[in-house]
Structures are given as C-alpha cells and as structure tokens.
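K.L.:
predicted coordinates and the sequence they were generated for:
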Amino acid sequence: DKSNDFGPVITKAHQEKVCGYIASAEEQGATLVVDGRDVQVEGFEKGFYVGGTLIDNVTPEMTCYQEEIFGPVLLVMRVDSMEEAMRLIDEHEYGNGTCIYTRDGEAARYFSDNILVGMVGVNVPLPVPVSYHSFGGWKRSLFGDLSAYGPDAVRFYTRRKTVTQRWPSAGVREGAQFSFPS
C-alpha cells in the first residue's frame, strides 16, 4: 500500500515482544501516556501493528529502559541536569542513538562531542542519517567491525569534504578576528 506511512513490525513474535515491553513498563510503575498495543489498521487486520506509544516516568530499573525496543515506543525519563542525562546514557549497555533538543549551540556541541553513542541527533526526532552516513551504534548496539553502509561502504565513490564549525559560548559576542582560534 503505497499510501501507507506507518508499517507493521516484522513478525507476530516481535509484535508480542514490543507489547510485552509496554506491559512491563506499566506493571513496573511507569505512566502510559499513549498506548499503541491495540492498533487496528482497516484492511490489514492481520498485520503485526504496534501504534506509537509514549511512556513517562521511566526509571533505570525498568525493563523497558534496560532493553532496546525496536518498535514505535518512546520513553521519557526526568533528570535535573544535562550531566545527569548524559551519565544515564553513557552508563547504558547499548549506544545506538540519542537526541538533544536545544537552542544552545554550546550545549549541542558538548553533548555531541562527549556522549558515548554511535548516532547523535541535534533538534531532530530520530538520529537516523541518510544512507551515505554510517548507521549503527556503539557498545552492544554495534554488530561486526564495520558499518553496514556509509563511509565504509561508499568511500570509493565519494569526494570527501571537511566542514569545520565554531559556535561561540552563550552570551559572548565577538568582533572580527584575524588569528587562528584555539
């Protein structure tokens, strides 16, 4: 169905696995803001659909946090600082992708440079890049020694470009500079 913009998960077993993570979150004290377990798609009633799910008040002890859920499930955890959020991410055994939403270039740069994750998004909902970038995470989220595609797969056919950026610290307004910044 070419008009469909949201497909099913791959198998009945995977649908049950994703729904099991949602159920465990609820049982372990998280708040289901949006529950996608009972989605029915007209004309595709036998499809393995899981609707978009939003789970709030998640803690590190919960199964839904400890596992990678390959389904349309978003978890919300509350922290008091960016450092606390980064510590949670860095200490997790998986490191596929993460995002930060900010208007602060310094915070975005610090987060991107220091987070221990393979794909980082800044002001984007999913850090999944277009196909000519590598796809995959770090830690237990990486399989094999090379990325499935991206620079490892297409370097021979590309002309590389280096982009250097510098974002001044918040509140600093600089005039013209004619020396190399360090």
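P.N.:
Yes, it's here. Remember, it's a predicted structure, so these values are computed and weren't measured experimentally.

K.L.:
and the longest helix belonging to the chain, average pLDDT?
P.N.:
In the chain, assigned by DSSP state H, the helix with the most residues is helix 12-27. The average of the pLDDT scores along helix 12-27 is 98.

K.L.:
is Met82 in contact with Phe111, as I believe?
P.N.:
Yes - assessed by CB atoms under 8 Å, Met82 is found in contact with Phe111 at 6.8 Å. (Each C-beta comes from the backbone N, C-alpha and C, glycine too.)

K.L.:
more neighbours, the two?
P.N.:
Ranked by neighbour count (other CB atoms under 10 Å), Met82 and Phe111 place Phe111 first, with 21 against 14.

K.L.:
how close does the more buried one get to Glu68?
P.N.:
Going from Phe111 to Glu68 by CB to CB, to the nearest Å gives 21 Å.

K.L.:
same deal with Ala107?
P.N.:
Taking CB to CB, one finds Ala107 at 26 Å from Glu68.

K.L.:
and for Val41?
P.N.:
To Glu68, Val41 is 25 Å away according to CB to CB.

K.L.:
swap in Phe48?
P.N.:
As judged by CB to CB, Phe48 and Glu68 stand 18 Å apart.

K.L.:
one more: Tyr94?
P.N.:
Here Tyr94 is placed at a distance of 5 Å from Glu68 (CB to CB).

K.L.:
the two: which is more packed in?
P.N.:
Each of Tyr94 and Glu68 has its neighbours counted (other CB under 10 Å); Tyr94 has more, 17 against 14.

K.L.:
partner residues bridging the more buried one?
P.N.:
On the basis of DSSP bridges, Tyr94 is bridged to Lys139.
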